[in-house]
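>>> Okay, structure incoming, though there's no sequence with it:
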């Protein structure tokens, strides 16, 4: 869906490239997260995709079409691509309704189509249309503004979204909630999303695919599981942090390591120690500690499918993290 | 204490002492009307051309940054030329001579500094993320200018317009020396004849015009500035 081919960017007045020979591909319906320290070039890549920045070398393709083609008007290109930035950038002199309706108006939608669309979008991002539509941005809380920012980007139903630290300006609790809600939305929307963050935890949580950047170079890319279980070098290891194993447990579903059996062990039943098959293994660990048990039962819906023991989890960690500790 | 206690009553004394200019205005009513009208029409003419010209220049230099310092330099130089000599310079130009054209031109030049500077400052005061979001949504540079930058810059632009109006109304009095028959004439003649009533009458009428124009502009500003930009009032 989106393809970068040896893309370079050297900003005028500098010699060190901000983006250096970066190639990768984002598949349709996937969230691809760019992660790395500030100044690593992740935002520049994002801004090159919708041509807010022009690359100095290489090519970028969207659905096979080169974005730098002469026939592509950058303004029209951007109207087809949702864009969310950390600072949100709502127009303070316009109402929330006018802000959300920005792109549909640019695309000259008929007015009678815009109003219901705005209402629908505000509901979709968890806002009460009657309450907020006629308000101005400064009357909203930070979390509400970020929601409006997402609604505005989704307004014309673009197949592609570019999100630059979209939940960066709110406190961690609100951020977690916004992430969850966005993932739920994405399940239905199936947009192709490029997502920039400096937070590896956010990357692991949001990404179908992660691209790790450092000093303009692509260091490693792959699924969160691939990256966690097989970090390419010290830089990636540092970025992931010392709690790599815990993060792995968050990413593994219990059903992946369950020991299948039909019989419910006595101890599990007595201590009422059960989890669901789709729960992360981390949940199994939590449940063990809470119920003071070495064994948890795993259910798929109502039916019992097997158990996970403390030993199973240890074995799993050793296997995927590749450490023979 | 004598002031308020004379045999004619305190008000009469007060009136003679401080409000003599009122009787002057009543006595010379026809002239007051004529001068006030001339004063008004000069200020309005100057403001009309200043708005068209200096707002355009302000917008232009906000787009072409390199011109900005040159424009500010010219504006500052014009602004520090004493008004009487600027009027003087204009009447020596053959096509212009004494009269309204010279007066208007000089005042338009005075208006350059406060207006150009405020238009530029207002446009530049729009924060980067808002412009970035506009571009990212696919707005063209002209759409960004007319739908984001100008509406958001209104309060600052208006501050410039209001300062300019008050200033022009004041400086216009000096144009009386190059033949304008406006309220400056009362002040000018008042000085020559050592008549305080005359000077005060001129000054008060000029002040009233300035305050009135400022008040009207304030109302217009309130009307066309988006409520979303009036944060302070909202929070009270």
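Yep, that arrived. Keep in mind that this is a model prediction, so the values were computed, not measured. Numbering: from 1, shown residues only, chains lettered A, B, ... in the order given.
>>> In contact with the residue nearest to the spatial centre of chain A, which residues?
Nearest to the mean C-alpha position of chain A, by C-alpha atoms, centre = their mean, lies residue A:206 at 2.9 Å. Residues near residue A:206 by C-beta atoms under 8 Å, 6 or more residues apart in numbering or on different chains: A:31, A:33, A:179, A:182-183, A:195, A:197. For every residue, glycine as well, the C-beta is placed using N, CA and C.
>>> if you set the cut-off to 7 Å instead, what comes out?
A:31, A:33, A:179, A:183, A:195 (C-beta atoms under 7 Å, 6 or more residues apart in numbering or on different chains).
>>> ok, these vs residue A:261, which is closest?
Distance to residue A:261 across those (C-beta to C-beta) is lowest for residue A:183, with 32.7 Å.
>>> what does chain B put close to chain A?
Contact residues (C-beta under 7 Å from any C-beta of the partner chain) of chain B with chain A: B:129-130, B:132-133, B:135-140, B:148, B:151-152, B:226-229, B:231.
>>> Can you flag the buried ones in those?
For these, burial is judged from neighbour counts taken by 16 or more other C-beta atoms under 10 Å in any protein chain shown, and it is met by B:130, B:132-133, B:135-140, B:148, B:151-152, B:226, B:228-229.
>>> quick one: residue A:169 from chain B, how far?
10 Å (C-beta to the nearest C-beta, to the nearest Å).
>>> What is the neighbour count of that residue?
Neighbour count of residue A:169, defined by other C-beta atoms under 10 Å in any protein chain shown: 17.
>>> for residue A:22, same thing?
There are 26 residues near residue A:22, going by other C-beta under 10 Å.
>>> so who does it touch?
Applying C-beta under 7 Å, 6+ apart, we find residue A:22 in contact with A:4, A:7, A:45, A:218.
>>> and the third one, what element?
Element membership of residue A:45, judged by DSSP states H and E, is helix A:42-49.
>>> now for that helix, which elements pack on it?
Secondary-structure packing of helix A:42-49 (3 or more C-beta pairs under 7 Å, 6 or more residues apart in numbering or on different chains; DSSP states H and E): strand A:2-9, strand A:19-26, strand A:31-35, strand A:160-164, strand A:192-197.
>>> Reformat these as JSON lines; add mean pLDDT.
Shown next, in JSON lines, are those (pLDDT from 0 to 100):
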{"stretch": "strand A:2-9", "mean pLDDT": "93"}
{"stretch": "strand A:19-26", "mean pLDDT": "92"}
{"stretch": "strand A:31-35", "mean pLDDT": "95"}
{"stretch": "strand A:160-164", "mean pLDDT": "95"}
{"stretch": "strand A:192-197", "mean pLDDT": "95"}
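>>> Next, format those as a markdown table and append distance to residue B:93.
Listed next are the helices and strands packed on helix A:42-49 as a markdown table, based on distance: least, C-beta to C-beta, whole Å:
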| stretch | distance to residue B:93 |
| --- | --- |
| strand A:2-9 | 55 |
| strand A:19-26 | 59 |
| strand A:31-35 | 64 |
| strand A:160-164 | 57 |
| strand A:192-197 | 61 |
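>>> Give the buried residues for the helix or strand hosting residue B:89.
Using DSSP H and E, residue B:89 sits within helix B:83-91. Neighbour-count burial for helix B:83-91, counted by 16+ other C-beta under 10 Å, picks out B:83, B:86-87, B:90-91.
>>> Identify the residues contacting it?
Contact with helix B:83-91 is made by B:96-98, B:102-103, B:105-106, B:109, B:171, B:174-175, B:177-178, as judged by C-beta under 7 Å, 6+ apart.
>>> residues touching the residue most central in space within chain B, list them.
Geometric centre of chain B, nearest residue: residue B:165, 1.5 Å, by C-alpha atoms, centre = their mean. Contacts of residue B:165 were listed using C-beta under 7 Å, 6+ apart, and they are B:43, B:47, B:213-214, B:217.
>>> follow-up on the earlier one: hmm, which two among the buried ones among the residues of chain B next to chain A are most spread apart?
Maximum distance among those (C-beta to C-beta): 23.8 Å, for B:138 and B:229.
>>> Among the buried ones among the residues of chain B next to chain A, which are located in helices?
Of those, the ones assigned to helices by DSSP state H are B:130, B:132-133, B:135-137, B:151-152.
>>> a strand runs through the residue nearest to the centre of chain B, doesn't it?
No - going by DSSP: H, G, I helix; E, B strand; the rest coil, the assignment for residue B:165 is helix, not a strand.
>>> Could I get the full set of strands for the stretch 51-200 of chain A?
Here the stretch 51-200 of chain A has its strands, by DSSP state E, counting those that start in this stretch, at A:57-62, A:65-66, A:81-85, A:160-164, A:192-197.
>>> and of those, who's closest to residue A:130?
Taking C-beta to C-beta, strand A:81-85 is the member of the strands of the stretch 51-200 of chain A nearest to residue A:130, at 24.2 Å.
>>> residues in chain A within reach of chain B, list them.
Within chain A, the residues that sit near chain B (C-beta under 7 Å from any C-beta) are A:50, A:52, A:75-76, A:78-79, A:83, A:85, A:87-89, A:91-94, A:102-103, A:106, A:136-138.
>>> Quick check: ChimeraX command selecting the buried ones in those.
Buried subset of the residues of chain A next to chain B, written as a ChimeraX selection, criterion 16+ other C-beta under 10 Å:
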select /A:50,52,75,78,79,83,85,87,88,89,91,92,93,94,102,103,106,136,137
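>>> which sections of the chain are below the confidence cut-off?
Chain wasn't specified; assuming chain A. Counting by pLDDT under 70, the ranges of chain A that qualify are A:321-325.
>>> that's the wrong chain, I meant chain B
For chain B, applying pLDDT under 70 flags the ranges B:1-9, B:231-236.
>>> At which residues are the helices of it located?
B:2-5, B:10-18, B:20-27, B:29-63, B:65-80, B:83-91, B:100-124, B:128-137, B:141-144, B:150-171, B:184-192, B:196-224, B:231-235.
>>> So for residue A:25, which of those helices sits nearest?
Across the helices of chain B, residue A:25 has its closest neighbour in helix B:128-137 (22.6 Å, C-beta to C-beta).
>>> Give me the contacts around the closest one.
The contact list for helix B:128-137 (C-beta under 7 Å, 6+ apart) reads A:50, A:52, A:78-79, A:83, A:85, A:87-89, A:91, A:102-103, A:106, B:144, B:148.
>>> now do stretch B:173-183
Taking C-beta under 7 Å, 6+ apart as the rule, stretch B:173-183 contacts B:34-36, B:38-39, B:42, B:83-84, B:87, B:91, B:98-100, B:102-103, B:172, B:184-185, B:187-188, B:202, B:205-206.
>>> can you check stretch B:193-208 too?
With C-beta under 7 Å, 6+ apart as the criterion, stretch B:193-208 contacts B:20-21, B:24-25, B:32, B:36, B:169-170, B:173, B:183-184, B:186-187, B:189-191.
>>> again, only this time at 8 Å
With C-beta under 8 Å, 6+ apart as the test, stretch B:193-208 has contacts from B:20-21, B:23-25, B:28, B:32, B:35-36, B:39, B:169-170, B:173, B:183-187, B:189-191.
>>> Of those residues, grab the buried ones for ChimeraX.
Applying 16+ other C-beta under 10 Å to those, the buried members can be selected in ChimeraX as follows:
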select /B:20,21,24,25,32,35,36,39,169,170,173,183,184,185,186,187,190
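>>> neighbours around the closest residue in space to residue B:172 that isn't next to it in sequence, how many?
Using C-beta to C-beta, 6 or more residues apart in numbering or on different chains and skipping the chain neighbours, the partner closest in space to residue B:172 is residue B:42 (5.4 Å). Neighbour count for residue B:42, taken as other C-beta under 10 Å: 21.
>>> go on, residue A:5?
Neighbourhood size, residue A:5 [other C-beta under 10 Å]: 15.
>>> Report the beta-bridge partners for it.
When bridges are taken as DSSP bridges, the partners of residue A:5 come out as residue A:59.
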